[in-house]
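In: Predicted model, plus sequence, below.
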Amino acid sequence: MVDFKRFLALVRAADFTGPIQLHFEYPLGGADKGNKTITIPKAQVSEAMRKDLKTLRGWLREAGLS
């Protein structure tokens with residue numbers, strides 16, 4: 001697990017100005033195991049992504065990176 005607050009503080013301290021890329025994985029009701037379609041509501045996946053994006057944006061603000 002990554003301590004994102006600490007990581008972003010280090011990014012800020014280093015005056016890094018390049019892009020930051022994160023990879024998230026979500027349980028997709030089988031699609032995460034190779035199935036061609038998800039078996040949970042798409043809205044459930046979208047909501048999880050929205051929640052994570054909101055959290056990340058907060059961390060970026062706290063670190064002074066947004």
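Out: In hand now; what should we look at?
In: and for the helix or strand Leu53 falls within, what are the contacting residues?
Out: Assigned by DSSP states H and E, Leu53 belongs to helix 42-62. Applying CB atoms under 8 Å, 6 or more residues apart in numbering, the contact partners of helix 42-62 are 4-5, 8, 22, 24, 26, 28, 38, 66. Where you see a C-beta, it was placed from the backbone N, CA and C, and this is true even at glycine.
In: Just those: which are in helices?
Out: 4-5, 8 (DSSP state H).
In: Spatially nearest residue to Gly30, not counting backbone neighbours?
Out: Nearest non-adjacent residue to Gly30, counting by CB to CB, 6 or more residues apart in numbering: Thr39, 5.0 Å away.
In: Look up the pLDDT of that neighbour for me, please.
Out: Looking at Thr39, its pLDDT stands at 83.
In: That one and Pro27 touch, don't they?
Out: No. The pair Thr39 and Pro27 fails to qualify as a contact (CB atoms under 8 Å) at a distance of 10.1 Å.
In: okay, the two: which has more neighbours?
Out: Just comparing Thr39 and Pro27: by other CB atoms under 10 Å the higher neighbour count belongs to Pro27, 13 against 9.
In: Go ahead and report the secondary structure state at the residue nearest to the more buried one when sequence neighbours are not counted.
Out: Once flanking residues are discounted, Pro27 sits nearest to Ile40: 7.3 Å by CB to CB, 6+ apart. On the three-state scheme (DSSP: H, G, I helix; E, B strand; the rest coil), Ile40 is labelled coil.
In: For Ile40, which residues are in contact?
Out: Ile40 neighbours (CB under 8 Å, 6+ apart): 27-29.
In: So, low pLDDT: which residues of the protein?
Out: In the predicted model, the chain carries no residue with pLDDT under 70.
In: Now Ala31: closest residue in space, sequence neighbours ignored.
Out: Excluding the flanking residues, the one nearest Ala31 by CB to CB, 6+ apart is Ile38, at 4.3 Å.
In: now swap in Arg12 and tell me
Out: Ala63 (5.0 Å).
In: Could I get the contacting residues of that neighbour?
Out: 5, 8-9, 11-12.
In: hmm, try it at 7 Å
Out: 8-9, 12 (CB atoms under 7 Å, 6 or more residues apart in numbering).
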